[in-house]
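In: 3D model of this:
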Amino acid sequence: MSSRRVLLLEESSWGGVQTMSRTLADGLIAQGWQVTALPWRQTAWGTLVQAAKQHDVIVGTHNFGPTYAGAALKAITGKPLVSWVHGPLQDVLHTARASTLKKLWLKLLYKQVSHFVCVSRTTQDSLMGFVKQTAPRQSCTVVPNGLGDLPPGQPLHVHAGHGGEGLAPLLLGYVGRLSEEKQPGFLLETLRFLPHHAQLGVVGEGPLHRKLVHDGMDLLYQGRVHFLGKHPSGASLYQPWHMTLLTSRYEGCPMTALESLACGVPCVALPIPAMRELFDRDAPYLLARGDTPVALAEAVMTVLSLPPEQVQADMARIVARHSLDGFVGQWQKVLRTC
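Out: Numbers count the residues shown, from 1 in each chain. Next up, the predicted model:
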């Protein structure tokens, strides 16, 4: 079957989603597809309508704003709409304290979607539980995020002090937004349960930055935590660390974890469903045995005790299952059926 013309409606302000949108567009174009990507907020409505008429499939690159616009364009043009879901919807709505009216409106809107693409089974289960869809599950396909070659990025100025007692410092990193759903406070508490030579570098910004600085003042004075600000995506975000930490309340298919592993840096995480889906098969030791800071600290020490060759081999298998070719290939199958 020949390639189809695809209109991607983007949400330009969302970093991780925007990265995956560009990855998809570049991958499809490399396979000979005609792809047009437009930021739905910044594009005139008439331009969006005309673009929809000229393409075969509309893809809302997120299940909120871009899908809202996509549903309106489908109503006008009759073109099929694919909605890309990046995380467990019910958890997202709970954290956002969405009203009953908002949830009802979403259920009605999602009836207009021709096909959902979810980044994980965890994400799919949450979506289907929300819409209570009775149609066959073929209307929703799981396509895990794909990982291409990371750019080098900009060098991080890592403040690695001495470890004390003759020990080299254990450098831990966090890469991500400092917001409620990421639970960055866990980072500080985890560090307090680790040996004194453990240090933490925090790469990212967000609404909880000031609170995190305040709560970690003792660790700042000790030189054990460093706030490094926001930096462009790249391998340099991960390479300075012995391990990275992921403390999220929920995730879909976190690129920070995959990128860390691709750089040869273990990512130790809380045992939320998406991370179990990602790690259980090949590297269950990367998951804490509970959702507490002490459990996360124990997981860090467990990884340190394992042969590095084993850890690297296990991580390589996880990364291999998220190849760019597989990601683009699965998306092509979805788009050809719409």
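
In: for the helix or strand bottoming out on mean pLDDT in the chain, buried residues please.
Out: Sorting the helices and strands of the chain by mean pLDDT, DSSP states H and E puts helix 15-30 at the bottom, at a mean of 90. For helix 15-30, the neighbour count (16 or more other C-beta atoms under 10 Å) marks Gly16, Val17, Gln18, Met20, Ser21, Thr23, Leu24, Ala25, Gly27, Leu28 as buried. To be clear about C-beta, it is placed using only N, CA and C from the backbone, and glycine gets the same treatment.

In: parallel or antiparallel, which strands does the helix or strand immediately after that helix in the chain pair with?
Out: Counting by DSSP states H and E, the next helix or strand C-terminal to helix 15-30 is strand 34-39. Strands that pair with strand 34-39, judged by DSSP bridges, come out as strand 5-10 (parallel).

In: now the angle from the strand it pairs with to helix 15-30?
Out: Using axes from the mean of the first three to the mean of the last three C-alpha atoms, to 10 degrees, the direction of strand 5-10 lies 170 degrees away from that of helix 15-30.

In: would you convert the buried residues of helix 15-30 into CSV that also reports distance to Pro271?
Out: As requested, the buried residues of helix 15-30 are exported to CSV (distance: C-beta to C-beta, whole Å):
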residue, distance to Pro271
Gly16, 21
Val17, 25
Gln18, 29
Met20, 24
Ser21, 29
Thr23, 28
Leu24, 29
Ala25, 34
Gly27, 31
Leu28, 35
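
In: with respect to Gly204, which of those residues is nearest?
Out: Gly16 (11.4 Å; C-beta to C-beta).

In: can you give me the distance of the residue nearest to that closest one when sequence neighbours are not counted to Arg121?
Out: Excluding the flanking residues, the one nearest Gly16 by C-beta to C-beta, 6 or more residues apart in numbering is Met255, at 5.5 Å. Using C-beta to C-beta, to the nearest Å, Met255 is found at 17 Å from Arg121.

In: which one's more surrounded, those two?
Out: Between Met255 and Arg121, Met255 has the larger neighbour count (other C-beta atoms under 10 Å), namely 25 against 14.

In: from Phe327, how far off is that one?
Out: Taking C-beta to C-beta, one finds Met255 at 12 Å from Phe327.

In: ok, now Gly201?
Out: 29 Å.

In: the closest residue to Ser120 other than its chain neighbours - how many residues pack around it?
Out: Setting aside the residues directly before and after it, Ser120 is nearest to Cys253 in space (C-beta to C-beta, 6+ apart), at 4.7 Å. Neighbours of Cys253 under the rule other C-beta under 10 Å: 26.

In: just confirm Cys253 is within a helix.
Out: No. Assigned with DSSP: H, G, I helix; E, B strand; the rest coil, Cys253 falls outside any helix and is coil.

In: contact partners for it?
Out: Cys253 is in contact with His86, Val119, Ser120, Thr123, Pro144, Asn145, Ala274, Leu278, counting by C-beta atoms under 8 Å, 6 or more residues apart in numbering.

In: out of these, which sit inside helices?
Out: Among the contacts of Cys253, the residues falling in helices (DSSP state H) are Thr123, Ala274, Leu278.

In: by neighbours, which of those wins?
Out: Ranked by neighbour count (other C-beta under 10 Å), the ones in helices among the contacts of Cys253 have Thr123 at the top, with 30 neighbours.

In: for that one, what are its contacts?
Out: With contacts taken as C-beta under 8 Å, 6+ apart, Thr123 has the following neighbours: Val85, His86, Gly87, Pro88, Leu89, Val142, Gly252, Cys253, Ala274.

In: hmm, Pro254 and the third one touching each other?
Out: Right, the one you point to is Gly87. No. Judged on C-beta atoms under 8 Å, Gly87 makes no contact with Pro254 at a distance of 9.2 Å.

In: which neighbours do the two have in common?
Out: In contact with both Gly87 and Pro254: Ala274, using C-beta under 8 Å, 6+ apart.

In: show me which residues of the helix or strand harbouring Ala313 are buried.
Out: Following DSSP H and E, one finds Ala313 within helix 308-320. Under the neighbour-count criterion of 16+ other C-beta under 10 Å, helix 308-320 has Val311, Asp314, Met315, Ile318, Val319 buried.

In: quick one: contacts of that helix?
Out: For helix 308-320, contacts defined as C-beta under 8 Å, 6+ apart pick out Leu147, Leu258, Leu261, Ala262, Gly264, Pro266, Leu278, Phe279, Arg281, Asp282, Ala283, Val303.

In: distance check, the third one against Leu48.
Out: Right, the one you point to is Leu261. Using C-beta to C-beta, we find Leu261 at a distance of 38 Å from Leu48.

In: same thing with the second one?
Out: Using C-beta to C-beta, Leu258 is found at 32 Å from Leu48.

In: tell me, how many residues neighbour Leu335?
Out: 22.

In: residues in contact with it?
Out: Arg4, Val6, Leu28, Trp33, Val57, Val59, Val82.

In: secondary structure class of it, three-state.
Out: helix.

In: how much space between it and Trp84?
Out: In terms of C-beta to C-beta, Leu335 sits 11 Å off from Trp84.

In: which neighbours do the two share?
Out: Jointly contacting Leu335 and Trp84 under the rule C-beta under 8 Å, 6+ apart are Val59.
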